[in-house]
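> Predicted model follows, preceded by the sequence.
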Amino acid sequence: MTLEIELKFIASPAAIAELPSLLASLTSVHSAPQKLTNIYYETANNTLRSMDMGLRIRGFDDQYEMTIKTAGTVVAGLHQRPEYNVALKKPELNLSLFPADIWPEGLDVNALQAELNPLFRTDFVREKWVVTHNKSEIEIGLDQGEVVAGELSESLAEIELEIKQGNTADLLELAAIIGKQGGLRLGGLSKAARGYHLAKGNPAREVQPFPIYSAAAKASVEQVLSGMMSFALAQWQSNEELWVRGDKTARLAVLQAVEAVRQTLVIFGGLIPRKASTELRAQLTELVGQLEQKGADAELLCYSVGYLQCKLVLTSWLANQAWKPFVDAKSQTKLDSSFKRFADIMLGRTAADLKEAFGSSLTEAGFSDQLARLKRQIIAFHLLAGAYPEHDVKPYINGWLELQQAIVQQQHAWEDSARQHAVMQDAFWLNGQPR
């Protein structure tokens with residue numbers, strides 16, 4: 001087994017053209033372009049996908065390799081997935097060559113193999129460089145080609161950075177250097193994810209409402225800090241993909257996700273000093289200003305240098321736990337404590353802040369002045385309320401969302417009644433039972 005740690009960039013033609021000269025200025029070893037074909041397999045009822053596995057056979061220069069990737073994690077485009085590779089003499093599946101312990105207990109591997117069929121394929125030319133950066137060797141692959149599923153296809157133009165030897169900090173630092181050329185954005189969808197979507201008939205992707213974050217049982221405050229950030233980033237990546245693909249409504253969903261990152265910093269602000277995130281907060285603030293512009297162009301913004309650098313700073317902040325040097329012993333003790341109690345305290349503070357803002361009648365201008373505050377705290381409820389049953393949480397949040405809608409749509413006749421209803425709601429974290 002190897003643990004694959006990599007970053008994936010979607011690249012513009014200009015960025016691809018500039019890559020060789022940029023890498024020539026670094027300590028690197030170049031390999032000639034190589035044509036690769038990957039055939040991905042699945043059963044009719046998506047057995048592998050249900051186990052969060054991906055299976056392929058790769059062909060290159062009359063050589064073949066069978067690979068299975070098992071469940072992993074993704075943080076802002078930083079992919080970490082256990083991977084198993086087996087050399088083959090010919091392109092034929094043989095699942096028995098993989099370690100037996102990668103499969104769920106009781107799974108009949110022979111029966112699974114009998115049900116597998118080719119689902120889609122990726123055909124591309126890969127050009128590689130191995131770059132020595134600080135203490136690490138990092139492989140940079142330039143992939144150009146297409147994903148094909150039946151009669152449907154989608155072009156590929158990707159730059160991947162993968163650690164061959166070294167550490168994540170060097171990977172992210174090198175990514176920042178490459179990103180300064182512009183024309184790159186972190187890829188939220190792998191080649192396989194795009195192939196599976198095409199194999200389903202390429203159904204339209206739709207913007208989804210911002211979900212409620214659910215922390216793991218007995219998670220610590222610090223674990224949820226990372227988890228909450230990763231959750232917000234996943235929403236950011238997902239909606240960015242929709243926006244770049246032409247869904248103009250996704251801009252506001254991207255903005256909401258970026259605001260969720262900022263709100264996470266606010267939620268944990270009593271434990272993490274502001275100086276621990278000075279650069280990150282500055283970049284997020286600048287990006288929010290750009291996203292708030294109704295005429296913002298997805299292609300121009302999402303492939304811009306500043307946009308990418310913001311994401312890389314955030315990814316580095318998370319991956320390297322950059323808050324650690326700024327946390328004293330007292331705060332660390334609180335970070336190690338149960339998130340549930342912390343969440344209840346912060347839910348109470350969030351509700352108190354909104355009651356201060358909307359506890360009495362407001363003018364039309366007064367409602368408008370409090371809209372940004374309302375939006376931020378609704379996001380806070382989504383981030384903090386996951387320990388409670390959805391049927392208790394949703395009506396409470398919806399009460400505040402109805403007030404937000406009345407203000408946004410300037411439904412002045414309904415603003416005050418929506419305000420009164422929202423303020424009078426019972427606190428689910430005091431009266432309800434945890435899930």
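On my side now, so go ahead.

> Can you give the contact residues for the stretch of helix or strand W414 belongs to?
For W414, the host element (DSSP states H and E) is helix 412-423. Residues from elsewhere that reach helix 412-423, judged by Cβ atoms under 8 Å, 6 or more residues apart in numbering: 354-355, 358-359, 361-362, 364, 367, 399-400, 402-403, 405-407. Just so you know, the C-beta spots here come from the backbone N, C-alpha and C atoms, and that holds for glycine as well.

> Could you pick out the buried ones from these?
With burial judged by 16 or more other Cβ atoms under 10 Å, the buried subset of the contacts of helix 412-423 is L354, F358, L362, F367, G399, W400, E402, L403, A406, I407.

> check contacts around the second one.
The one in question is F358. By Cβ under 8 Å, 6+ apart, the neighbours of F358 are Q370, L374, L403, R419, A422, V423.

> can you do 6 Å?
Residues near F358 by Cβ atoms under 6 Å, 6 or more residues apart in numbering: R419, V423.

> what's the answer for the third one, then?
For L362, no residue meets the contact criterion (Cβ under 6 Å, 6+ apart).

> you'd agree F326 is up against S277?
No - under the criterion of Cβ atoms under 6 Å, F326 makes no contact with S277, lying 8.8 Å away.

> the more surrounded of these two?
Looking at F326 and S277 with other Cβ atoms under 10 Å, you find the greater number of neighbours at S277, namely 22 against 13.

> Do a quick rundown of the helices in the stretch 151-300 of the chain.
Along the stretch 151-300 of the chain, the segments classed as helices by DSSP state H, counting those that start in this stretch run 168-179, 191-199, 221-244, 250-267, 278-291, 298-302.

> State the distance from K200 to E240.
21 Å (Cβ to Cβ, to the nearest Å).

> So which of these two has more stuff around it?
Between K200 and E240, counting by other Cβ under 10 Å, E240 is the more crowded of the two (25 against 12).

> Can you tell me the closest non-neighbouring residue to that one?
Setting aside the residues directly before and after it, E240 is nearest to V254 in space (Cβ to Cβ, 6 or more residues apart in numbering), at 5.4 Å.

> Tell me how many other residues crowd that neighbour.
Using other Cβ under 10 Å, V254 is surrounded by 26 other residues.

> per-residue confidence for it?
Residue-level confidence at V254 comes out at 98, pLDDT.

> was I right about it contacting N239?
Yes - between V254 and N239 a contact is recorded at 4.8 Å, counting by Cβ under 6 Å.

> Name the residues linked to E83 by a beta bridge.
Here E83 shows beta-bridge partners T2, K69, assigned using DSSP bridges.

> Would you mind measuring from it to N320?
Taken as Cβ to Cβ, the span from E83 to N320 is 23 Å.

> and if you look at K191?
Taking Cβ to Cβ, one finds K191 at 28 Å from N320.

> Beyond the strand ranked longest in the chain, next helix or strand please.
As assigned by DSSP state E, the longest strand anywhere in the chain is strand 117-133. Next along the chain after strand 117-133, taking DSSP H and E as the criterion, comes strand 136-149.

> Could I get the buried residue list for stretch 193-200?
For stretch 193-200, by 16+ other Cβ under 10 Å, it's R194, G195, Y196, H197, L198, A199.

> Would you format the residues you listed as JSON lines with distance to V131 and pLDDT included?
Output for those, formatted as JSON lines (distance: Cβ to Cβ, whole Å; pLDDT from 0 to 100):
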{"residue": "R194", "distance to V131": "26", "pLDDT": "93"}
{"residue": "G195", "distance to V131": "28", "pLDDT": "93"}
{"residue": "Y196", "distance to V131": "31", "pLDDT": "90"}
{"residue": "H197", "distance to V131": "32", "pLDDT": "94"}
{"residue": "L198", "distance to V131": "32", "pLDDT": "96"}
{"residue": "A199", "distance to V131": "34", "pLDDT": "94"}
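
> for the record, mean pLDDT for stretch 105-113?
95.

> What are the contacting residues of it?
Residues from elsewhere that reach stretch 105-113 (Cβ under 6 Å, 6+ apart): L93, L95.

> do stretch 85-92 as well
I57, G59, Y64, E65, M66, T67, L97.

> So for it, first residue to last residue, what's the gap.
14 Å (Cα to Cα, to the nearest Å).

> low pLDDT regions in the stretch 51-200 of the chain?
Scanning the stretch 51-200 of the chain for pLDDT under 70 picks out the ranges 72-80.

> before we move on, back to that, show me which of K191 and N320 is the more surrounded one.
K191 (24 against 13).

> what sits against the more buried one?
Here K191 is in contact with T122 (Cβ under 6 Å, 6+ apart).

> now the helices of the stretch 151-300 of the chain as CSV including distance to F428?
CSV is the format used below for these (distance: least, Cβ to Cβ, whole Å):
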stretch, distance to F428
helix 168-179, 39
helix 191-199, 35
helix 221-244, 19
helix 250-267, 18
helix 278-291, 29
helix 298-302, 37
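
> Show me what stretch 136-146 is in contact with.
Under the criterion Cβ under 6 Å, 6+ apart, residues 123-131, 153, 155-167, 170-171, 174 lie in contact with stretch 136-146.

> Now the buried members of those residues.
Neighbour counting by 16+ other Cβ under 10 Å classes 123-124, 126-131, 153, 156-163, 166-167, 170-171, 174 among the contacts of stretch 136-146 as buried.
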